[in-house]
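Engineer: Give me a model of this one.
(2 chains, ligands or ions: 1)
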Amino acid sequence: MVSSHITGPYFGEYGGQFVPQILVEPLRQLEKCFVEAWSDETFRQEYLSLLKEYAGRPTSLTRVRNLTEGTRTRLYLKREDLLHGGAHKTNQVIGQALLTKRMGKSSIIVETGAGQHGVASAIAAALFGLRCRIYMGRIDTERQRPNVERMRLLGAEVIPVDSGSRTLKDACNEALRDWSGSYEDSHYVLGTAAGPHPFPTIVREFQRVIGDEARAQILEREGRLPDRVVACVGGGSNAIGVFTAFVPDESVELVAVEPGGLGVDTDKHGASIGKGEAGVFFGMRSKLLSDPDGQIFESHSISAGLDFPSVGPELSYLVDSGRVRCEAATDDEAVGAFVELTKGEGIIPALESSHALTFALKEIRAEPDREQVVVVNLSGRGDKDLATVTSYLRQRGEL
Amino acid sequence: MSRYAAMFESARAERSAPVIAWSVVGDPTPETWLDTVDALVSAGAAALELSIAFSDPSADGPVNQGAYSRVLGKVDKNHAVALIKQVRERYPDLPIGLMTYANLVYIPSPEAFYAACAAAGVDSVLVADVPVHEVEIFSDRAAAHDIEMVLIAPPNAQEPELKAIAEQSQGFVYLVSRAGVTGTDREAQSPLKSVIATLKKYGAPPTVLGFGISRAEHVRNAIAAGADGVVVGSAFAKLVAEHLDDPAALTAASTGLVTNLRSGAGIERAAPR
Ligand SMILES: Cc1ncc(COP(=O)(O)O)c(C=O)c1O
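Structural biologist: Below you'll find the model as predicted:
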């Protein structure tokens, strides 16, 4: 090993730094900056006070009133949809924006799928006076149009990506390409707990506030730990964010819900943990979907934020080691849960988060007599998905 | 002696530096590709650096991405290996390297990949997204099949990296003189003399400059700065894109490109070594 990594680059066999040699130096600079900043009380205070005063933390833990009727489950939603920007993404973007300033860089590069990470980044760029270039697959710019408009109004440049499947993975490639030529003055604000080391660690540390809060909140409300914590998985940031605090609590079952698309036994899904194998993509060794030649699979999901053929290395590891259980929800089920929460509780969830909700409701209803406490991470709000859901329901004749 | 060592030795004897030609196997079609390889080699390309098309080439600019997408779904890995084998049979002494991405090596298994390379007569493999501190992922399988492992030395590498690259790169070191991905829109710059000096200090094999080489002047500058050879890549892919319907024009243009670059590859005085 040449690089003396400050934090561990591997989670079991997963992780590492599979990038062109030219990106090793900027990654090392980032790692050094993060490690120093994270042990600097002034930095932490600034970060925490921004989360509180600017972004609106702590977010509420809401007990579901109607959807659990007829069961003995007490279901709570961790309300990341209420965070400024509309999703959990803001937690870590604020952290990375502070790191950008600390490294003396003036621009940020961003990839986005659903546009939530793009919106959070555009917000942070406006706040901190950073130039912001956002890569987004052409298909995603179409299916998440309100977020594109938001990003542009916030002053960011949104660059549609026409290569490959024209979705999130291609935006990731484009961001890496940009960064390999612009690292001198640009930081790549990677949007999930994936990619080359040290991103999975940095993003986890900036997202673990979700689980830290949720754990304290549930202890206060219930006087005990939950039986189960459920999160959806795209790259893994909201899941690792809500799980981390609970990982040592062995009695708490942690469930990661992947996009089942049209069904995990079709070729139209994004179940990279459940159906994938170890491979190397997007700077990391992790579970991924690829064909027998090693060509990366074009994943499918109704939710742009989950439409990704791989997943962060720590989640791959936690699933292999048995700590995290992996499940999937289909497009159809996710839309169903979206509608249920909207009509039943007056909360419009992101389609991504609706995947987590699908699974939680299914298990709860399968065991109506079991007395249990369940937490679902409601990673974002669904305003961006109104067009997708309405046209889906129209096609099914339900609207 | 390895094919690369022989190539550098005979180039030195002829007072010139090798011009290595990169292309995507099967671009734009297998037949035309085989013809352009012949043209490149007849025009004096000293070695081939070949890529198997990959779905997500994150170290490549738009021109090379275009080459990959012309081939993806048409020439799979087995077919590409078979084509390389055909080239090997035609040119028993020509160094042939592969430039690829890690997932194509990893899936279905590194063992299968390096075994196939060896069977096709490949001399070296460079994996664009494996930096020197991650080479263990593949190095034992490469060694088991006598495939040389080529590493990239970028302009921002620090001394400990350059030392590791010098010590572990085999056949040659692929020098990159500028930031960014492949492509001629950012021209090659003269390599940093300090980078070459550091590599030599640690006993590196010969250095070859790539990324952005498209004119004789780039070759001249590279050699003046101490590089031992050059790789031309996207300038060639661009020719393919420009002559999709005219294979004859493509072979002529390929010949022209290599001839032009070679005109910059002369070494005035044999450099003291
Ligand atoms: C609301 C929401 N939830 C979840 C995700 C998936 O990302 P991750 O797995 O990193 O949480 C996204 C991504 O865009 C999102 O917008």
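Engineer: Next, residue 180: phi, psi?
Structural biologist: In the absence of a named chain, this looks at chain A. With angles defined as degrees, to the nearest 10, A:Ser180 sits at phi -70, psi -10.
Engineer: switch to chain B, that's the one I care about
Structural biologist: According to degrees, to the nearest 10, B:Gly180 has phi 100, psi -180.
Engineer: what does B:Glu49 give?
Structural biologist: Torsion angles at B:Glu49 (phi, psi; degrees, to the nearest 10) stand at phi -120, psi 120.
Engineer: What's the local residue count around it?
Structural biologist: Residues within reach of B:Glu49, counting by other C-beta atoms under 10 Å in any protein chain shown, total 24. Every residue, glycine included, has its C-beta placed from N, CA and C.
Engineer: now the one 5 residues further on
Structural biologist: The local packing count at B:Phe54 equals 25, with neighbours defined by other C-beta under 10 Å.
Engineer: Next up, the contacts around it.
Structural biologist: By C-beta atoms under 8 Å, 6 or more residues apart in numbering or on different chains, the contact set of B:Phe54 is A:294-295, B:68, B:72, B:100-101, B:103-104.
Engineer: check whether stretch A:163-175 contacts chain B.
Structural biologist: Yes: Stretch A:163-175 reaches chain B (C-beta under 8 Å from any C-beta of the partner chain) through A:163-164, A:169-170, A:172-173.
Engineer: Can you tell me what sits against the host helix or strand of B:Leu48?
Structural biologist: For B:Leu48, the host element (DSSP states H and E) is strand B:47-51. Residues from elsewhere that reach strand B:47-51 (C-beta under 8 Å, 6+ apart): B:3-4, B:7, B:18, B:20-25, B:37, B:40-41, B:64, B:67-68, B:84, B:87, B:94-100, B:126, B:210, B:231, B:233.
Engineer: Over stretch A:188-198, what's the mean pLDDT, rounded is fine.
Structural biologist: Taken as a whole, stretch A:188-198 carries a mean pLDDT of 98.
Engineer: Can you get me the start-to-end distance on stretch A:302-319?
Structural biologist: Start and end residues of stretch A:302-319 are separated by 24 Å (C-alpha to C-alpha, to the nearest Å).
Engineer: for stretch B:217-233, that is, sorry about that
Structural biologist: Counting by C-alpha to C-alpha, you get 16 Å between the two ends of stretch B:217-233.
Engineer: Put the buried members of the contacts of B:Phe54 into a PyMOL selection.
Structural biologist: Listed next is the PyMOL selection for buried residues among those, using 16 or more other C-beta atoms under 10 Å in any protein chain shown:
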select buried, (chain A and resi 294+295) or (chain B and resi 68+72+100+101+103+104)
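Engineer: Just send the contacts of B:Phe54 back as JSON lines, with secondary structure too.
Structural biologist: Output for these, formatted as JSON lines (DSSP: H, G, I helix; E, B strand; the rest coil):
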{"residue": "A:Gly294", "secondary structure": "coil"}
{"residue": "A:Gln295", "secondary structure": "coil"}
{"residue": "B:Tyr68", "secondary structure": "helix"}
{"residue": "B:Leu72", "secondary structure": "coil"}
{"residue": "B:Thr100", "secondary structure": "strand"}
{"residue": "B:Tyr101", "secondary structure": "coil"}
{"residue": "B:Asn103", "secondary structure": "helix"}
{"residue": "B:Leu104", "secondary structure": "helix"}
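Engineer: From the contacts of B:Phe54, pick out the ones that also neighbour the ligand.
Structural biologist: By C-beta under 6 Å from any ligand atom, no member of the contacts of B:Phe54 lies near the ligand.
Engineer: Of the contacts of B:Phe54, just say which sits nearest to A:Gly397.
Structural biologist: Nearest to A:Gly397, judged by C-beta to C-beta, of the contacts of B:Phe54 is A:Gln295 at 37.8 Å.
Engineer: Without its sequence neighbours, what residue ends up closest to that closest one?
Structural biologist: B:Ser55 (4.3 Å; C-beta to C-beta, 6 or more residues apart in numbering or on different chains).
Engineer: In strands, which of the contacts of strand B:47-51 fall?
Structural biologist: Of the positions in the contacts of strand B:47-51, B:20-24, B:96-100, B:126, B:210, B:231 sit in strands, assigned by DSSP state E.
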